[in-house]
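>>> pasting the structure only:
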C-alpha cells in the first residue's frame, strides 16, 4: 500500500513521547508531513528541553515509518521553549520566559541542592537557564555553583549575572562577605529580592530557577504575589514533620494562584556503601501520600547519598560532576518532568496582544 500523508499520521499516532505520555499527532508535535514517492519528510517539535531525547525520537520515527513502507525518512526533531502563563495580573519578565520556584516548608530537606541540580539538568538538556538565590539570609548558590567574585554593572543600573557551569546566577552572596550575617528586617529582604530579580541583566533565559528560603514568610509571599511565577516545585523528605510543613507551603502557593508543578521526595532511601543494604531513614511513602491527599504530582525521588553532599560542597553538583551517574539521571528525569508540566500549561500571549492607542486626529 503506497504511503500517504494520512497513513504517515496513522503511524505517528502510535509513537508516544515517553516524557509527555501523548502521541506525536495528538500533541501536535509532528508537523509539515510530506510524502515524496517513498520518502517521508516531517518535523517533530518538542516543547521542552530535550537534547538527550532528540536522537532517540528521530530513530523511533524513522524505524516506525520504514516498517510501514517508507524508503527514506527525513525527520527533523527540534525543541522550542516558550513563555507560559503566570498569575493573573502579572506579566512575564523581559528576557525570562518561565520562572520556577523551588520551595520547602522547612529547612534541612536539601532544597538548595535539588534547585541547583534541577537548573543544571535543564541546561544539560539544552535550555538557557538562570539561577536566582532568593535565600537572602543564607545564600548557598555561590558555593554550590563554584562562583566567586563580584558582579559588574556597565550602566550603574543593571548588574550582570555571574556564570557557573553554563548557567546565569544572581545572589546576595555575590555582594557580601561570606561570613557577613544579613541582619535585615522583612521589608529590606523583600526589596533585595525584587532588585536581584529585576535589576539583573538576564540574557534570553528559558527557565529561571529560584532557590527559595524555607518556610512561608515575607519572601515567599512577595514572590508568590508580585513575581510572575510559572510554577513551583515543593521539596520534602518522607519524614512526617517535613511533610506537614511541605503541605503548608503547598497550600500557601495554591491560595495565591501559583500552580504547583509537583513534589520532589529527597533523601528517600540510603544505600549502605559497604553492604548495599537499603534503609529508609526518614520513612517511606511521604510523596505518594501528598499525591493521594492533595492531588500533587510526584516528580521524582532522590537518595540520601554522600556523593551528592560532597560534589555540591565542592562547587560541582552531581549533574556536572557525574553526569552519567544514577543520581544525575534521576535529576535529569525530574527536570524533564518539570519542563513537560510547564509545556502543558497555557502559553503567555501578552506579547502578542496589540497595543491600542487613542489620540486626537
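That came through fine. As the structure is a prediction and not an experimental result, all values here were calculated from the model.

>>> run through the protein and note the low-pLDDT ranges.
1, 182, 186, 348-361 (pLDDT under 70).

>>> at 50 what do you get?
Applying pLDDT under 50 to the chain flags residues 353.

>>> what about the closest residue to residue 204 other than its chain neighbours, how many residues nearby?
Computed as Cβ to Cβ, 6 or more residues apart in numbering, the closest residue to residue 204 that is not its neighbour in sequence is residue 128, at 5.4 Å. Every residue, glycine included, has its C-beta placed from N, CA and C. Neighbourhood size, residue 128 [other Cβ atoms under 10 Å]: 21.

>>> my read is that residue 142 contacts residue 171, right?
Yes. Assessed by Cβ atoms under 8 Å, residue 142 is found in contact with residue 171 at 5.5 Å.

>>> now do the shared contacts for those two.
residue 133 (Cβ atoms under 8 Å, 6 or more residues apart in numbering).

>>> more neighbours: the two, which one.
residue 171 (27 against 20).

>>> pretty sure the more buried one contacts residue 138?
No. Using Cβ under 8 Å, residue 171 is not in contact with residue 138; the gap is 10.7 Å.

>>> quick one: contacts for residue 171?
Counting by Cβ under 8 Å, 6+ apart, residue 171 has contacts 131-133, 139, 141-142, 196.

>>> in the sheet, who's paired with the residue nearest to it when sequence neighbours are not counted?
Leaving out its chain neighbours, the residue that sits closest to residue 171 by Cβ to Cβ, 6+ apart is residue 133, at 3.4 Å. On the basis of DSSP bridges, residue 133 is bridged to residue 171, residue 211.

>>> thought residue 11 was touching residue 63?
No. Counting by Cβ under 8 Å, residue 11 stays clear of residue 63, with 10.4 Å between them.

>>> neighbour count: the two, which is higher?
Counted by other Cβ under 10 Å, residue 11 and residue 63 do not tie: residue 11 has more neighbours, with 21 against 12.

>>> how much space separates the more buried one from residue 204?
36 Å (Cβ to Cβ, to the nearest Å).

>>> same thing with residue 49?
Applying Cβ to Cβ, the value for residue 49 to residue 204 is 14 Å.

>>> higher neighbour count, the two?
Using other Cβ under 10 Å, the more surrounded residue of residue 49 and residue 204 is residue 49, with 27 against 10.

>>> for that one, helix, strand, or coil?
Under DSSP: H, G, I helix; E, B strand; the rest coil, residue 49 falls in the coil class.

>>> for residue 139, which non-adjacent residue is spatially closest?
Nearest to residue 139 is residue 173, by Cβ to Cβ, 6+ apart, at 3.4 Å.
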